[in-house]
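> Generate a structure from the sequence data that follows.
(one chain, ligands or ions: 1)
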Amino acid sequence: VAYVSSRAPHARWAAARAAFGRVVEPQLDASKAEVVASFGADLLAARADTVHVARALMERRRVRARTDTMSRLWVAETAMTVTGATCDERAALRPSEMVPALAALLGELARGGGAAAIPDALRARLAAIHGGPRGAWTAALARDLAAHCGAGAVVCGDDVPLAGHLLAHAANALLGSTGVSYTRSPILEAGEPSHDPQRLAEAIDRKAVAALVILGGNPVYAMPGDLAMARRVREVPLSAYLGEYADETARACTWHVAEQHWLESWGDVRAFDGSLSLVQPLVAPMHGGKSRVEVLGALLGDLAADPHALLRAAHRERAGAAGAVGAAAADDDAWEQALARGVLDPTSFAAEHVTLDWARVVAEAEKAAAPAPARAAGAYELAVVLDGKLDDGRHANNAWLQELPDPITKQTWGNALLVSPRTAKELGVATGDVVAVDRAGAGAGADAASGAGAGAGAAAAVLVPVLVAPGHADGAATIALGYGRTDGLGEAARVGVSAQSLRSSVAGPPSSFGLRRTGTRESLAITMAPRSSEDREIIKSLTLAEHQAPVSDARRHDDDDDEKKQKSRRSLYFLAPGGARQWAMSIDLTACTGCSVCVVACQAENNVPVVGKEGVLAGREMHWLRIDRYVEDAEGKPRVEMMPMLCQHCETAPCEYVCPTGATSHSADGLNQMVYPRCVGTRFCSNNCPYKVRRFNWFDYNRDTPALRALAHNPDVTVRARGVMEKCSYCVQRIREAERQARVEHRPLATGDVVTACQQACPTQAIQFGSLNDDASPVARLRDDVRAYSALGELGTKPRTTYLARLRNTSPDLDREGGDK
Ligand code: SF4
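Residues are numbered from 1 along each chain as shown. Now for the predicted structure:
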């Protein structure tokens, strides 16, 4: 149960039991919602259903015609997240303010009527609830939800206490939301005591556990510190751990069984909505090891379990059972087809009918609406959150993810304590100052206890550098899990600070912590400090209302960098002769959430080297594609804008004219190409590039790559050596492969034959790629969109990559009131 326990869904399950009498999972269908409100849920980055939600949400926010509408996203959160940066209206709340805000929302909704059958007396009690934190914001949200009755959805994050989930269920019930349905949980026996890590800890203490088998998950690191799992696991007479690495859990157990990688094993998994998919090996096990299926087979007495045969038998049995899933997989052909597809269809769970316990809801809402005690001077609330890259630490050994800048803070290789600019002033600290975090009133000057398993109640202090984060709630701090690991990972990955000792396994109101300066500093490997675009309109952004206004008023993006005007301009540069195909890219800034999935996809596809923390500190990161993040009004009501930035493949490329060796030049199909053997590393091209997307290979990053790790390289792409300039090639290897394939099949290249790695990975389909000469290509159409513009187009570089200006569907209520105070 380690995986489940480390993600803390217990409040969600307990709330479902309290609200409906059984454990069900709320399923958000953002494509059906006109208004989505999230309280503490990072919908677009850190949930099991993130890809599904991001895709569905953007379906409802994709604007093409001037008359198109889009849904509105409201977010209440503590630290700025990808979801908060994407939303239309945001409120920064301390963790303790989430439930009162939801209670206030419920009060507003009850006063406005609503679709649910709720006894009048209970409705009146709900309607009597007023106020709450950020009252104007909550009231505007309630009006918006009520105005779209039936097409609104309220979602609650896993870290919000039980009452918050209960109130979110009630809000959806009052609204008659079609955007939220309920299914049974894909996790077997979800909410049962067997999933409670406290119960395991107590059983170990009672000496009631003679043998403990742990299947993956590294619970010794990932479970809250007050459970002291390292000590407790050692106390069990026989413990065995199946894990890929000799990590913290392996160290604590009697036996460690090497686990096969999932790409070496047979198995099956269920997605958040119950969809069943098959795991099948892509390669024979390289170092032996056992799969989970084999270990479970052995525990059941079959020491020579054949995972494939077991899986096959299980699915045959399932198919044979009445009403069971995957009936078609019973015969060989269907099994082969299921393997080819990877997903068994239809296996997602059906929606369940649920009835809400309104009396319980009203009691919780009244309790939450009671005035909260004032925050004591010097006491701060602490949010300990899953890291969007490393999760609970399971991906700490992945250098791509360690080097991926956090979408909001842009920090790489480590974590930090995020505080708002005002809280930083209050504390007298700046980014890089190390502070000690301990329970308020606990012994000052305690040693740092960053190791896993330390007791949270033991007054241990954690020493962590501060990062001043615009948009963070005042009076609170946030730290991400997943860092500060000690075992089972390479030297370079032992970065950051473990926050496990600051977590508690006991549900309750957010605790107070003391933050103290230590007088020391630490360098943070940040790729881009919070930076304004200084009114340069690098990222063009406008509200939906401005976009829909009559053309004469609203064409603010139709200025002199408009492509038609550019084309009519005279240029000193020569235009390359055009071929049959003219490759181009379009990026929709409304659909882009800044999640950075495309950055890793590009790195994997193009063998982009990792430079390590030292390299990032020296400004030598190599990413061909980066996500630029600009923060406007950082100390007021911050607005974050994201922009994927990569080689723009300018038609009149400033880099090409200054290369003394002709190493960078233009192809007939519109690519700005790099010829590595010609490059002598003068870096003139990089100096002359206004987009700063060219990367210089300072070192031979791949010289000492072990043979096994070299298998991760894409064989279709050169592994560059020291001294050459490199940058986005529009995945030229994929273009040429598609052309060859079309030639072999004696057909012309078809629309969609070439998909770049970033485009393929993007969950929201923000990136489109194709030929401008192909009328069927979305790129050709999007280039003529009224929102299309070129970044720094005024320089006359004629980029082949164009952007669609970002749209925000702000609340007319809050706009009228001059924003939320
Ligand atoms: S373009 Fe990149 S950063 Fe933007 S949503 Fe797509 S994958 Fe995420």
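
> can you pull the buried residues of the top strand by length along the chain?
Within the chain, and with DSSP state E defining each element, the longest strand by residue count is strand 512-521. Neighbour counts using 16 or more other C-beta atoms under 10 Å place Ser512, Phe513, Gly514, Leu515, Arg516, Thr518 of strand 512-521 among the buried residues. Where C-beta positions appear, they are placed from N, C-alpha and C, glycine not excepted.

> next one: stretch 117-130
By neighbour count with 16+ other C-beta under 10 Å, stretch 117-130 contains the buried residues Ile118, Leu122, Arg123, Arg125, Leu126, Ala127, Ile129.

> what stretches of the stretch 251-400 of the chain score poorly on pLDDT?
Scanning the stretch 251-400 of the chain for pLDDT under 70 picks out 320-330.

> now the strands: where do they sit in it?
Along the stretch 251-400 of the chain, the segments classed as strands by DSSP state E, counting those that start in this stretch run 255-258, 267-270, 276-279, 343-344, 379-385.

> right, and these - which one's nearest Tyr701?
strand 255-258 (28.8 Å; C-beta to C-beta).

> So what touches the closest one?
238-244, 246, 250, 287-290, 295 (C-beta atoms under 8 Å, 6 or more residues apart in numbering).

> Now the two most distant members of those.
Longest distance between any two of the contacts of strand 255-258 is 24.9 Å, between Leu238 and His287; criterion C-beta to C-beta.

> Please identify which of the two sits among more neighbours.
Ranked by neighbour count (other C-beta atoms under 10 Å), Leu238 and His287 place Leu238 first, with 12 against 9.

> Quick one: name the residues of this protein near the ligand.
By the criterion of C-beta under 6 Å from any ligand atom, the positions of the chain lying close to the ligand are 592-598, 627, 644, 761-762, 764, 766-767.

> Can you add neighbour count and pLDDT and give those back as CSV?
Listed next are these as CSV, based on neighbours: other C-beta atoms under 10 Å; pLDDT from 0 to 100:
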residue, neighbour count, pLDDT
Cys592, 23, 97
Thr593, 27, 97
Gly594, 24, 97
Cys595, 26, 96
Ser596, 24, 97
Val597, 21, 97
Cys598, 26, 98
Ile627, 24, 97
Pro644, 23, 98
Ala761, 19, 98
Cys762, 25, 98
Thr764, 23, 97
Ala766, 26, 97
Ile767, 25, 98
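
> Go through these and flag which are in strands.
The members of the residues of the chain next to the ligand that map onto strands under DSSP E are Ile627, Pro644, Ile767.

> Can you name the residue of the stretch 251-400 of the chain nearest to the ligand?
In the stretch 251-400 of the chain, the residue found nearest to the ligand is Gly388; the distance is 11.4 Å by C-beta to the nearest ligand atom.

> Next: the stretch 401-550 of the chain.
Nearest to the ligand in the stretch 401-550 of the chain, going by C-beta to the nearest ligand atom, is Pro407, at a distance of 7.5 Å.

> which helices and strands does the longest strand of the chain pack with?
Judged by 3 or more C-beta pairs under 8 Å, 6 or more residues apart in numbering; DSSP states H and E, strand 512-521 is in contact with strand 379-385, strand 433-439.

> I'd like the ones you listed laid out as a markdown table, including distance to Gly152 and mean neighbour count.
Below are the helices and strands packed on strand 512-521 laid out as a markdown table (distance: least, C-beta to C-beta, whole Å; neighbours: other C-beta atoms under 10 Å):
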| stretch | distance to Gly152 | mean neighbour count |
| --- | --- | --- |
| strand 379-385 | 26 | 21 |
| strand 433-439 | 38 | 22 |
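
> Quick check: the closest residue to the ligand within the stretch 101-250 of the chain vs Ile587, distance?
In the stretch 101-250 of the chain, the residue found nearest to the ligand is Val155; the distance is 19.3 Å by C-beta to the nearest ligand atom. In this view, Val155 and Ile587 are 27 Å apart by C-beta to C-beta, to the nearest Å.

> Then Ala476?
Here the distance between Ala476 and Ile587 works out to 34 Å (C-beta to C-beta).

> Count the neighbours of the residue nearest to Gly471 when sequence neighbours are not counted for me.
Across the structure, with C-beta to C-beta, 6 or more residues apart in numbering as the measure, the residue nearest Gly471 apart from its sequence neighbours is Met80 (3.5 Å). Using other C-beta under 10 Å, Met80 has 26 neighbouring residues.
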